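Participant: Give me the fold of what follows.
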Amino acid sequence: MDLAEFVVQAVLIEKRSVREVARAHGVSKTWLYELLRRHREGGLGALAPRSRRPKRSPTQIPVRIEEEIVELRKHLAEEGFDAGPDTIRTHLASRHRGVAPCSISTIWRILSRRGFVVPEPHKRPKSSFVRFEASLPNECWQMDVTHVELRSGRVAEVLNVIDDYSRLCVSSRAFSTVTASDVVTTFYEAAAKYGFPASVLSDNGAVFCASARGDRGALATELARLGIVFKHSRPYHPQTCGKVERFHQTEKKFLEAKAKSRSIIALQGRLDLFCEYYNSVRPHRAKKRRTPQSAFDERVKAKPAGAPIRDAGEFRIRFDKVNHGKVTLRYEGELRRLGIGRAHNGKRVVLLVDDRDVRVHSVHGDFLAEFRIDPKKIYQVRST
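Facilitator: Presented below is the predicted three-dimensional model:
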């Protein structure tokens, strides 16, 4: 028995006054009189709590707007695009002459009520992150490789390059396996369209950073020649390249919304379609709901320093043994063969490398040969 039924019975059965019962149980006399009226009209069943929902709500969102929100949510989700309340509100504003008919919180409540929002566990608060963003377009490009499974079960590699400031995807290319030369080619293609960046940020993958193999790397060599600063995240810390890592997730969500691609060519077609939407249509939360293309176009572009950069990566010392008259040296990701001469077979040598200039000495200090590396050739001819 709940309190409402109890106080009514106290008045009716015990014949106590309303004032006395209300005072004894700490309830309002007005409420008790209302309960007695409802009991006379409908018995004990009428004492059950009633809905507090108002009979009319002048500010309630119109049904047609609610249906439009649901339709937008379904369409964006089916296409694999971002379908959050912020994005839906931006699309609504474009449909209604630049003014959204409801707030983000209203859209969220509608989606929750209609079963589109799935509760998630509490995440690390955003206030705990140390956030960095470039201040100009082309101030920094982030690049990374991700993997996408094809219909045959074969895994393709996708090289993504985005602008740190605007989040513009300057390139998204699919390969069977990304090589160092693919990275350089993709970089030059993107630069031809959007201009050269002042710096590039990547992880320590072998296609970007070849120091583990005793090489400067093809991309690092090209960037240094152009006066572009090359930066790397520390090992096992993908958060440094967080913007391109987050882009991977958005891109894969789009790809997974449809059947897997049959081939690399088909996958590239879908990547091109996604990038066109992502750059020019999709409002980006980090850019105050502007598109990456508009954010990229609105400011003056940063440029490389201009003068070639000389860094520690240019200078190397390599110990080798002459085999069949040759020694090997990795340059720009390719293994070059330097002809010393068969007369020196089996001799231990030291290679002093200054970018393209290589001097070869015996371990006892005797000068043997000098080379000027030709990047277009595998077999190198001695200069002296």
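Participant: residues in contact with the spatially most central residue of the chain?
Facilitator: Nearest to the mean C-alpha position of the chain, by CA atoms, centre = their mean, lies Arg246 at 1.7 Å. With CB atoms under 8 Å, 6 or more residues apart in numbering as the criterion, no residue contacts Arg246. Where you see a C-beta, it was placed from the backbone N, CA and C, and this is true even at glycine.
Participant: One more: the one 10 residues further on?
Facilitator: When contacts are counted by CB under 8 Å, 6+ apart, Glu256 touches Gly80.
Participant: the helices in this structure, which residues?
Facilitator: For the chain, applying DSSP state H gives helices covering 3-14, 18-25, 29-42, 63-79, 85-95, 104-113, 180-194, 218-226, 242-256, 264-280, 292-297.
Participant: What's the separation between Thr328 and Arg37?
Facilitator: From Thr328 across to Arg37, the span is 100 Å (CB to CB, to the nearest Å).
Participant: Can you read off the pLDDT for the residue of the chain most remote from its centre?
Facilitator: Here the centre of the chain is the reference, and by CA atoms, centre = their mean the most remote residue is Lys15, at 72.9 Å. With respect to pLDDT, Lys15 has a value of 82.
Participant: ditto for Ile104
Facilitator: 92.
Participant: For the closest residue in space to it that isn't next to it in sequence, which residues are in contact?
Facilitator: Using CB to CB, 6 or more residues apart in numbering and skipping residues adjacent in sequence, the residue nearest Ile104 is Pro85, 4.7 Å away. Contacts for Pro85 (CB under 8 Å, 6+ apart) come out as Ile104, Ser105, Ile107, Trp108, Leu111.
Participant: Please repeat the previous calculation with a cut-off of 10 Å.
Facilitator: Neighbour list for Pro85: 69, 73, 102-112, 116-117 [criterion: CB atoms under 10 Å, 6 or more residues apart in numbering].
Participant: now Arg73
Facilitator: Arg73 neighbours (CB under 10 Å, 6+ apart): Ala83, Gly84, Pro85, Thr87, Ile88, Ile107, Ile110, Leu111, Arg114, Phe116, Val117.
Participant: Drop anything exposed from these.
Facilitator: Ala83, Gly84, Pro85, Thr87, Ile88, Ile107, Ile110, Leu111, Phe116 (16 or more other CB atoms under 10 Å).
Participant: Arg73 and Glu67, how far apart?
Facilitator: For Arg73, the distance to Glu67 - CB to CB - is 11 Å.
Participant: Give me the pLDDT for Met1.
Facilitator: For Met1, the pLDDT comes out at 54.
Participant: Pop the domain breakdown of the protein in here.
Facilitator: Split into domains by automatic domain parsing, the chain comes to 3-47, 63-113, 131-297, 314-380.
Participant: Give the rounded mean pLDDT of the third one.
Facilitator: On average, the pLDDT along domain 131-297 is 91.
Participant: Please name the residues that touch Glu251.
Facilitator: Glu251 makes contacts with Gly80, Thr146, Val148, Val158, Asn160, Cys169, Ser172, Arg270, Leu271, Phe274, Cys275, Tyr278, as judged by CB under 10 Å, 6+ apart.
Participant: hang on, isn't the second one packed against Leu159?
Facilitator: What it means is Thr146. Yes - using CB atoms under 10 Å, Thr146 is in contact with Leu159, at 8.4 Å.
Participant: so what sits against both of the two?
Facilitator: Taking CB under 10 Å, 6+ apart as the contact rule, Thr146 and Leu159 both touch Ser172, Val178.
Participant: can you give me the strands in the stretch 101-250 of the chain?
Facilitator: Along the stretch 101-250 of the chain, counting by DSSP state E, counting those that start in this stretch, strands occupy 141-149, 155-163, 169-175, 199-202, 229-232.
Participant: Let me know which of the helices of the chain is tucked in deepest.
Facilitator: Across the helices of the chain, averaging neighbours per residue (mean count of other CB atoms under 10 Å) puts helix 218-226 on top, at a mean of 21.
Participant: Summarise which helices and strands it is packed against.
Facilitator: helix 180-194, strand 199-202, strand 229-232 (3 or more CB pairs under 10 Å, 6 or more residues apart in numbering; DSSP states H and E).
Participant: redo that, cut-off 6 Å
Facilitator: Counting contacts by 3 or more CB pairs under 6 Å, 6 or more residues apart in numbering; DSSP states H and E, helix 218-226 packs against helix 180-194.
Participant: distance between the helix it packs on and the chain's centre?
Facilitator: 20 Å (CA atoms, centre = their mean, to the nearest Å).
Participant: again with stretch 276-285
Facilitator: Taking the mean of its C-alpha atoms, stretch 276-285 sits 13 Å from the chain's own mean (CA atoms, centre = their mean).
Participant: same thing with stretch 252-261?
Facilitator: Distance of stretch 252-261 from its chain centroid, counting by CA atoms, centre = their mean, is 16 Å.
Participant: End to end on that stretch, go ahead and measure it.
Facilitator: End-to-end distance for stretch 252-261: 12 Å, by CA to CA, to the nearest Å.
Participant: and if you look at stretch 49-68?
Facilitator: End to end - CA to CA - stretch 49-68 spans 35 Å.
Participant: Kindly report the same for stretch 133-142.
Facilitator: Termini of stretch 133-142 sit 11 Å apart (CA to CA).
Participant: can you check stretch 358-367 too?
Facilitator: 12 Å.
Participant: quick one: average confidence on that stretch?
Facilitator: Computed over stretch 358-367, the mean pLDDT rounds to 86.
Participant: Give me the residues contacting it.
Facilitator: Contacts to stretch 358-367, defined as CB atoms under 6 Å, 6 or more residues apart in numbering, come from residues Arg348, Val349, Val350, Leu351, Leu352, Leu368, Ala369, Glu370, Phe371.
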